[in-house]
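Engineer: Requesting a structural model of the entry that follows:
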Amino acid sequence: PPSVFVWMMNNPDSVPDIPPAVQPALTLAASLLAQAGSDTPRLDAELLLAHVLRKERTWLYTYPTAPLTGRQRAGFLRLLRRRLRREPMAYILHRREFFGLTLRLNRRVLVPRPETELLVETALEIAGKRAWLSPRVVDVGTGSGCIAVALATRLPGARLAAVDRSAAALKVARYNAAACGAVDRVHFWQGHLAQALTGPVDMLVSNPPYVARPALEEGNLSPEVTRHEPRLALDGGPDGLEVIRELLAQARRLLGADGAVVVEIGADQGEAARQLGQAAFPQAVVEIRRDLAGLDRLLVIQQVK
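Structural biologist: Numbering: from 1, shown residues only. This next block holds a predicted model:
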């Protein structure tokens, strides 16, 4: 009920009467989450309760009348409060599925999006068409390591470097590389973009900060993004293209004769990004690829010998 939601928001440290059984607890939680603005309130509630109970979601449907102990109800409420404040589920559960991998996350890194899987697919497609025997691939702004680790698991002959300016992010990325069996194949560097690296490299991939600063400051994005995700991984400068410009200048120095660049961009940046790519690589094939929603998503540059 709305009165319960208002009461919880005004008394965040108080414990309401969470029902002592699975189904009623889920019903109340889903109602509160819907009022808080969650797009998937029932799913969120189920994932949170399953996490507390250390069960699969299917267990909740099989045993809807199962009792909840006081400790379980308190644990459920702690997580529920965080989600009501619009903290991303990936931070609350400390995990996210990406390209068939289960990655560990915290608030030091950006939450991997499904759209970024297109970047990995495109990089694999390009690598499959080239005659690279042991390609050198650089992931700039690696964050959680999702791109580098996914490529390492699919390109067994590749040599990968993952760069980030945040030591805390690199700690997360190293953990994910180890958990996915790729720690010996990804070398981690702390630094600003690709500034400290030397070429030639066969492929440079990146999901850089590309959100225009006014969008961050004017509240145009969801609270999950603006309140909780690291601004360093989001802020792309006044027009969102500031980091991409610098990255392309560095890529021009690093890229080999038949190298490729794959960079994630914002949905409204396609033509501007294409022009930047063509200016940086006048002789290359430059294209913009769209995601499943039909939105501009990738800047793809391929050198031609």
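Engineer: And residue 305, how far from residue 284?
Structural biologist: 11 Å (Cβ to Cβ, to the nearest Å). Quick note: C-beta positions are derived from backbone N, CA and C, even for glycine.
Engineer: Now do the strands in the stretch 201-305 of the chain.
Structural biologist: 201-206, 255-264, 285-290, 296-302 (DSSP state E, counting those that start in this stretch).
Engineer: hmm, I was thinking of the stretch 1-150 of the chain
Structural biologist: 95-98, 101-104, 136-140.
Engineer: for the ones you listed, which one sits closest to residue 32?
Structural biologist: Nearest of these to residue 32, taken as Cβ to Cβ: strand 95-98 at 23.1 Å.
Engineer: Report all helices and strands that the closest one contacts.
Structural biologist: Strand 95-98 sits against strand 101-104, with contacts defined as 3 or more Cβ pairs under 8 Å, 6 or more residues apart in numbering; DSSP states H and E.
Engineer: Please name every helix or strand in contact with the strand it packs on.
Structural biologist: strand 95-98, helix 146-154, helix 167-179.
Engineer: Adjacent strands (with direction) for the shortest one?
Structural biologist: Read it as strand 95-98. strand 101-104 (antiparallel) (DSSP bridges).
Engineer: buried set for the partner strand?
Structural biologist: 101, 103, 104 (16 or more other Cβ atoms under 10 Å).
Engineer: do stretch 273-290 as well
Structural biologist: Here stretch 273-290 shows 273, 274, 276, 277, 280, 281, 284, 286, 288, 289 as buried, counting by 16+ other Cβ under 10 Å.
Engineer: ok, of the residues you listed, which one's closest to residue 121?
Structural biologist: Comparing the buried residues of stretch 273-290 against residue 121 with Cβ to Cβ places residue 289 closest, at 9.8 Å.
Engineer: what residues are up against the closest residue to that closest one other than its chain neighbours?
Structural biologist: In this structure, residue 289 finds its nearest non-sequential neighbour in residue 298, 4.2 Å apart by Cβ to Cβ, 6 or more residues apart in numbering. By Cβ atoms under 8 Å, 6 or more residues apart in numbering, residue 298 lies in contact with 118, 119, 122, 262, 263, 264, 265, 288, 289.
Engineer: For the fourth one, list the residues it contacts.
Structural biologist: Same thing as residue 262. Residue 262 touches 119, 122, 123, 126, 203, 204, 205, 206, 298, 299, 300, 301, counting by Cβ under 8 Å, 6+ apart.
Engineer: confidence score at it?
Structural biologist: Here the pLDDT value assigned to residue 262 is 98.
Engineer: Show me where the stretch 1-150 of the chain dips below the pLDDT cut-off.
Structural biologist: 1-16 (pLDDT under 70).
Engineer: And the helices in it, which stretches?
Structural biologist: Using DSSP state H, counting those that start in this stretch, the helices found in the stretch 1-150 of the chain span residues 2-10, 22-36, 41-53, 57-62, 70-84, 89-93, 114-129, 146-154.
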